[in-house]
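K.L.:
sequence below, structure please.
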Amino acid sequence: MSLHADFIPPERDAGTADPAGPDSPARAEDSRPAPAPARRRVPVRLLLLAAALALLALGGWMYRAPLLDALGLAPLPPAAAPEKADDPAPDPDLVTLDAAGQKRIGLAFGTAETHRIVLPVRAPGIVAFDERRVTHLKPRTQGRVLSLAVQPGDRVEAGQTLATLDAAGILDARNGLLAAQAALGEAQASEKVTELQYKRGQDQLKFGGVAQAEVERRQADLAKAHAAVQSAQANADMYRAQYQRLAPAEGAAPGTSAVVTPIGGVVTSVGITLGEVVDTGRDAITVADPTRVLVLASLYGPDIARVKAGDEASVESPVPGHPPFEGRVRSVNAALDPATNTAPARIELANPEDLLRANMFVSVTVAADLGRDGVTVPAASVQQTEQGPIAFVRVAPDRFERRPLTLGIQRSDWVEVTRGIASGDSVATAGSFGLKAILLRSLLGSTD
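P.N.:
Predicted coordinates:
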């Protein structure tokens, strides 16, 4: 392919000899008028260059490099800047974030502090009456139930009569007391006669009216009479106490025995019925004082050793709208329940409004004091990674250092740190997940 289109040779010079003769046909043709000279054609390379420049102006800079490269006119790439030999490698445990970035991810801060390590131990519990405030009333003597004034659930006062019995034992006790009192009177009278005879014998002995042996015999009789009085007195006291224990209440019919409660509270059970004959070995009525109750919390596994007497306890009951009841652990049973393999912890609670009822199920939280101090951080500052838990410590206003942690006791509000953070360190809390994401992106080489 020619680089020039239809090249037309230039006209001859006037002094150049014509190779044709004067009589040749070509010479004859010269006599005709000469045509106009043809216009010179533009080279194709220049046309392509002009077209490329036009496309560059119309299509934009995105096509500059391919076109210039096709034409062999691409500019040389700029010389790369020499790398600095002393530029340190980035720290993989350090995140740099300015104030605007911290505000964007909602970053907040907390402080690592030294606290008493108190572990909340949660356990199910059941309400029970305090056995020291429960009385099991039994009939004082065998008899038939004449009246019954209460039923389960009734409130009673101390000294109130709950039931009466027709008791034949009261008559026996009264008759025995009367007989003992009569025997005591007889012994006392005999003692006085014997004492008088002894004194008279002493007077007669002075002028020889009686022998010495008679005086000594009267002295022995006086001693026997004195002993008989003491025996009769003891027998009378015994029957008197028995009768007083069985005697009917003031204003009650003779020969009746009353069942009287020594404490105030609530009747929890009634074990007798009208007309029934009962004896002294049977519980007639049970009364419990509900103003203070017990909660038995079932401790399992390591919690048995953690909870101790004196620990504070909070009891949440199903009573609508009532705040948790506060109390303390009185003791932890040394024996396990064979059915549940748990140890009950006894928690004493005040129950002035009788809101807690026996056999009610409750939820117990015991603040178990583990007996040591430790460094704690807010729970929101701990982030989990494949290598384990970490936290970000603020080492400068815009720099945060990743710290691997060894955790101890973990609660919903704070976490114990046994290694990785010292007391007084400032740690990221809210927004620390954003720092974790920034650190992971930098480790993956992302620039987004």
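
K.L.:
toward the C-terminus from the helix or strand containing H226, list the very next helix or strand.
P.N.:
If you go by DSSP states H and E, H226 is part of helix 212-246. The helix or strand immediately downstream of helix 212-246 is strand 256-260, counting by DSSP H and E.

K.L.:
circling back: tilt between the helix holding H226 and strand 256-260?
P.N.:
60 degrees (axes from the mean of the first three to the mean of the last three C-alpha atoms, to 10 degrees).

K.L.:
return the set of buried residues in helix 212-246.
P.N.:
For helix 212-246, a neighbour-count test (16 or more other C-beta atoms under 10 Å) marks 215, 218, 221-222, 225, 228-229, 232-233, 235-236, 239-240, 242-243, 246 as buried. For glycine as for every other residue, the C-beta is placed from the backbone atoms N, C-alpha and C.

K.L.:
again with stretch 195-205
P.N.:
E195, Q197, Y198, G201.

K.L.:
against S190, how distant is the residue lying closest to the second one once chain neighbours are set aside?
P.N.:
Once flanking residues are discounted, Q197 sits nearest to R218: 5.1 Å by C-beta to C-beta, 6 or more residues apart in numbering. Separation of R218 from S190 (C-beta to C-beta, to the nearest Å): 13 Å.

K.L.:
can you give the distance of stretch 409-426 from its chain's centre?
P.N.:
Centroid displacement of stretch 409-426 relative to its chain, using C-alpha atoms, centre = their mean, to the nearest Å, is 18 Å.

K.L.:
for that stretch, what is the average pLDDT?
P.N.:
Here stretch 409-426 scores 89 as its mean pLDDT.

K.L.:
just stretch 332-342 next, same as before
P.N.:
91.

K.L.:
helices of the stretch 51-200 of the chain, residue ranges please.
P.N.:
With helices called from DSSP state H, counting those that start in this stretch, the stretch 51-200 of the chain shows them at 64-70, 99-104, 168-206.

K.L.:
contacting residues around the second one?
P.N.:
Here helix 99-104 makes contact (C-beta atoms under 8 Å, 6 or more residues apart in numbering) with P397, D398, G431.

K.L.:
just give the nearest non-adjacent residue to D369, would you?
P.N.:
Excluding its sequence neighbours, the residue lying closest to D369 (C-beta to C-beta, 6+ apart) is V118, at 5.4 Å.

K.L.:
is it true that the one you found touches V366?
P.N.:
No. At 9.7 Å, V118 and V366 do not qualify as touching, with contact defined as C-beta atoms under 8 Å.

K.L.:
who has more neighbours, the two?
P.N.:
V366 (29 against 16; other C-beta atoms under 10 Å).

K.L.:
residues contacting that one?
P.N.:
P120, V121, R122, A123, A297, V307, D311, E312, A313, V329, A345, I347.

K.L.:
try K308
P.N.:
V329, V332, A368, D369.

K.L.:
which of the residues you listed sit farthest apart?
P.N.:
V332 and D369 (13.5 Å; C-beta to C-beta).

K.L.:
okay, the two: which has more neighbours?
P.N.:
More crowded of V332 and D369, by other C-beta under 10 Å: V332, with 20 against 16.

K.L.:
show me what R144 is bridged to.
P.N.:
Assessed by DSSP bridges, R144 has beta-bridge partners D166, V277.

K.L.:
my guess is it contacts V277. True?
P.N.:
Yes. With contact defined as C-beta under 8 Å, R144 reaches V277; the gap is 5.0 Å.

K.L.:
what helix or strand is V415 on?
P.N.:
Secondary structure (DSSP H and E) places V415 in strand 414-419.

K.L.:
that strand: which residues count as buried?
P.N.:
Buried residues in strand 414-419 (16+ other C-beta under 10 Å): W414, V415, E416, V417.

K.L.:
what's the closest non-adjacent residue to the third one?
P.N.:
In this case it means E416. Excluding its sequence neighbours, the residue lying closest to E416 (C-beta to C-beta, 6+ apart) is G408, at 3.5 Å.

K.L.:
again with the first one
P.N.:
Nearest in space to W414, with sequence neighbours left out and distances taken as C-beta to C-beta, 6+ apart, is T376 at 4.4 Å.

K.L.:
that neighbour in helix, strand or coil?
P.N.:
Applying DSSP: H, G, I helix; E, B strand; the rest coil to T376 yields a three-state assignment of strand.

K.L.:
partners of it in the sheet?
P.N.:
Legend: beta-bridge partners of T376 under DSSP bridges are E113, E416.

K.L.:
now the element after the strand or helix carrying T365, going C-ward?
P.N.:
If you go by DSSP H and E, T365 is part of strand 361-378. As assigned by DSSP H and E, the chain's next helix or strand after strand 361-378 is strand 383-385.

K.L.:
what comes up buried for whichever helix or strand comes after that following strand?
P.N.:
Next in sequence after strand 383-385, counting helices and strands by DSSP H and E, comes strand 388-396. Neighbour-count burial for strand 388-396, counted by 16+ other C-beta under 10 Å, picks out P389, I390, A391, F392, V393, R394.

K.L.:
what's the following helix or strand after strand 388-396?
P.N.:
In N-to-C order, the element after strand 388-396 by DSSP H and E is strand 399-404.

K.L.:
what stretches of the stretch 201-350 of the chain score poorly on pLDDT?
P.N.:
248-252 (pLDDT under 70).

K.L.:
now do 80
P.N.:
Under the criterion pLDDT under 80, the flagged ranges of the stretch 201-350 of the chain are 208-209, 242-255.

K.L.:
pLDDT of stretch 161-173, averaged?
P.N.:
Per-residue pLDDT over stretch 161-173 has a mean of 82.

K.L.:
try stretch 188-199
P.N.:
In the prediction, stretch 188-199 has an average pLDDT of 90.

K.L.:
other residues contacting it?
P.N.:
When contacts are defined by C-beta under 8 Å, 6+ apart, stretch 188-199 is touched by residues V215, R218, Q219, D221, L222, K224, A225, H226, A228, V229, A232.

K.L.:
ok, 10 Å please
P.N.:
214-230, 232-233 (C-beta atoms under 10 Å, 6 or more residues apart in numbering).

K.L.:
spatially nearest residue to the spatially most central residue of the chain (excluding sequence neighbours)?
P.N.:
For the chain, P120 is the residue whose C-alpha lies nearest the centre (C-alpha atoms, centre = their mean; 4.1 Å). Once flanking residues are discounted, P120 sits nearest to T365: 5.3 Å by C-beta to C-beta, 6+ apart.

K.L.:
can you check the pLDDT for the one you found?
P.N.:
On the pLDDT scale, T365 gets 94.
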